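no FASTA, just this:
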């Protein structure tokens, strides 16, 4: 069994992603967390590292403890969030933190359990991270073919601003901010939310899947920032990205991403010119 991971912030010394694994006899848990960029004017509970970084790292630690305790995926996520929310309340005491400033994240958690010569994969997905599996026959399977509808709405709004000749990033961000804040409030308060948030309004609306992974399969899980190589910049197909990661390593793929963003990428399709990027590659 081999596990490789990479996690890189778009800005130096600031990364709102988290990637890691938890191992036990006969079981492996792969976790990717992608913190949602804050739409607040300031950080309320962690001015040094940022509220989103605090949320992502605190949740990862809390989730690891629940995994060690043997909880199932839904129970573990809710128990971890409850403990993080209690810490959030303590740290924000005396402050009026607007709901749009409450941090959120995307989460993809893959639990691999040994079954015969292969593995049984159980996925728990909130938000828009990506998970792919390559089977021994060379085929690449999208384990969670989720398309975030908000991305289309956002791109349409960016195109509208471009048509109005609003090209300055600061001016464009100011025009988008009311929509982004309204969306963040919705994600934090709606029933069956598909975002990892501090205080869900009932059970999370997670997408769950189960697959058999034949012996010799490989799994590649990543944040949407890493997957920009495919769905934003079109530099790779899922198959060629998987091949690059397996044959030359995750760092090579990350270097290609950052080199493209530094020279050629524009913000025409996204609010951010670059994003935090993380990935885990597991070869059974």
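Right, received. Where do you want to start? All of these numbers come straight from a predicted model, not from anything done at the bench.

ranges for the helices of this structure?
51-68, 73-91, 149-163, 169-189, 228-231, 238-248, 250-263 (DSSP state H).

what's the burial count for the nearest residue to residue 18 once chain neighbours are set aside?
Spatially, and ignoring its direct neighbours in sequence, residue 18 is nearest to residue 33 (4.2 Å; Cβ to Cβ, 6 or more residues apart in numbering). Bear in mind the C-beta positions are built from the backbone N, C-alpha and C, glycine included. Residues lying near residue 33 (other Cβ atoms under 10 Å) number 27.

Please name the bridge partners of residue 33.
Here residue 33 sits in beta bridges with residue 18, residue 107, going by DSSP bridges.

List the contacts of residue 84.
Contacts for residue 84 (Cβ atoms under 8 Å, 6 or more residues apart in numbering) come out as 55, 58-59, 62, 198.

Then residue 216?
With Cβ under 8 Å, 6+ apart, residue 216 has these contacts: 135-136, 284.

repeat that for 7 Å
Neighbouring residues of residue 216 by Cβ atoms under 7 Å, 6 or more residues apart in numbering: 136, 284.

Now that we're looking at it, what pLDDT does it have?
Residue 216 is assigned a predicted lDDT (pLDDT) of 96.

ok, now how distant is it from residue 281?
As for residue 216, its distance to residue 281 is 14 Å (criterion: Cβ to Cβ, to the nearest Å).

Please apply the same query to residue 208.
22 Å.

So for those two, which sits in the more crowded spot?
Per other Cβ under 10 Å, whichever of residue 208 and residue 281 has more neighbours is residue 281, with 23 against 12.

Next up, the contacts around the more buried one.
Contacts of residue 281 (Cβ under 7 Å, 6+ apart): 4, 218, 220, 245-246, 250.

same thing but 6 Å
4, 220, 245, 250 (Cβ atoms under 6 Å, 6 or more residues apart in numbering).

Buried among the residues you listed? Make that a ChimeraX selection.
Of the contacts of residue 281, the buried ones can be selected in ChimeraX as follows, counting by 16 or more other Cβ atoms under 10 Å:
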select :220,245,250
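
between the contacts of residue 84, which has the most around it?
That'd be residue 55 among the contacts of residue 84, by other Cβ under 10 Å, with 30 neighbours.

count of neighbours near residue 131?
Using other Cβ under 10 Å: residue 131 sits among 25 other residues.
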